[in-house]
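Q: Got a sequence here, can you build the structure:
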Amino acid sequence: MAGGTLKRWDGSNFKSGGTFKRWDGAQFKTGGTIRRWNGTAFVPAPGSPPTVMIIRQNNAEGGTDGTTVTTISQTGGASGDAFDQVQGGVIAFSAAQKANGTLSYKMDEAASSSVGLVWTPLAASNLTDFYTRMYLYYTAFPSASAFFERGMDVNVATLYRLSVSGTGGGAPGQVRLVDTTGTTVAHSTQQLSINTWYRLETHVVVSTGTGSLETRVYAGNDTTPLFTVAASSLNTGSLPLDNLSFGANVAAGSPTVATFYTDDMALASGGWIGPAS
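A: Prediction:
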């Protein structure tokens, strides 16, 4: 029969209220979807919209302005899900620029190197259809294309990359989508501006022939995108996401991205993540 109330046992009595959480293999987390069994698979209730399941998120709010990030433990706490790697260059908490809250991550890159924050391993989540979010702010554009987001599989093979075009090509600030082969499969005609916060949300479908990439670019926390860049029927690899990095990732010989800020990064399944506030 229908009706009734889901209650929790506090050790002495059944009580209403509280938060329903899921076990991710390491800790209890909020988010996710309660589903029904249709005889073949667990599915959402009829007519219900897709439910976004946040897998990782981090907003830098647990740091201290001006403190250099040298250990992964510094990125946890009030910031959210700690990163698993701190790559190269210099990364510091900064109050000088922030998309939301009081702090962001400031990244200063050395020539021909990478600087970034990485979540890994992620393979246990079996992510072959996922969504990402990051806020970014450039103080200047590089002289050639430089990556700011990258996904890799368990074999450290690149699934996709997002990059920004540099000043040498005559159209700096274009957002570019790059497949597993390193080919730029689409780019925006619109250009980002320096000293401006943008929110980039990306949907990735992993496949060797029917993969797809779509990035929506918003002004800050706006809900209508400024523009969208998308490509389909792509080679985006064959294995689930295992390594997701945010930062000025460049190949050997690529130019320096002098200063780059990022904030409110997130990884999810089930749908577009939306603004952080």
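Q: In contact with Asp129, which residues?
A: Going by CB atoms under 8 Å, 6 or more residues apart in numbering, Asp129 touches His203, Val204, Val205, Val206, Ser269. All C-beta atoms are positioned from the backbone trio N, CA, C, and that covers glycine.
Q: hmm, try it at 7 Å
A: Val205, Ser269 (CB atoms under 7 Å, 6 or more residues apart in numbering).
Q: Show me what it is bridged to.
A: Val205 (DSSP bridges).
Q: so where do the strands sit in the stretch 151-277 of the chain?
A: Here the stretch 151-277 of the chain has its strands, by DSSP state E, counting those that start in this stretch, at 158-164, 175-178, 184-187, 198-205, 211-219, 227-234, 243-249, 259-269.
Q: Model confidence for the residue lying closest to Gln174 once chain neighbours are set aside, exactly?
A: Leaving aside its chain neighbours, Gln174 sits nearest to Ser165 (4.0 Å; criterion: CB to CB, 6 or more residues apart in numbering). pLDDT recorded at Ser165 is 91.
Q: wait, doesn't Ser165 sit right on Val178?
A: No - counting by CB atoms under 7 Å, Ser165 does not reach Val178; the two are 11.6 Å apart.
Q: Roughly how far does the residue nearest to Gln174 sit from Ser143?
A: Computed as CB to CB, to the nearest Å, the Ser165 to Ser143 distance reads 10 Å.
Q: and if you look at His187?
A: 17 Å.
Q: Give me the more crowded residue out of those two.
A: His187 (18 against 15; other CB atoms under 10 Å).
Q: shaky segments in the stretch 101-250 of the chain?
A: 110-112, 249-250 (pLDDT under 70).
Q: try 90 this time
A: Counting by pLDDT under 90, the stretch 101-250 of the chain has low-confidence residues at 108-115, 141-147, 166-170, 248-250.
Q: Please convert the strands of the stretch 151-277 of the chain to TSV, extending it with distance to Thr120.
A: Converted to TSV, the strands of the stretch 151-277 of the chain look like this (distance: least, CB to CB, whole Å):
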stretch	distance to Thr120
strand 158-164	13
strand 175-178	19
strand 184-187	24
strand 198-205	16
strand 211-219	20
strand 227-234	23
strand 243-249	4
strand 259-269	11
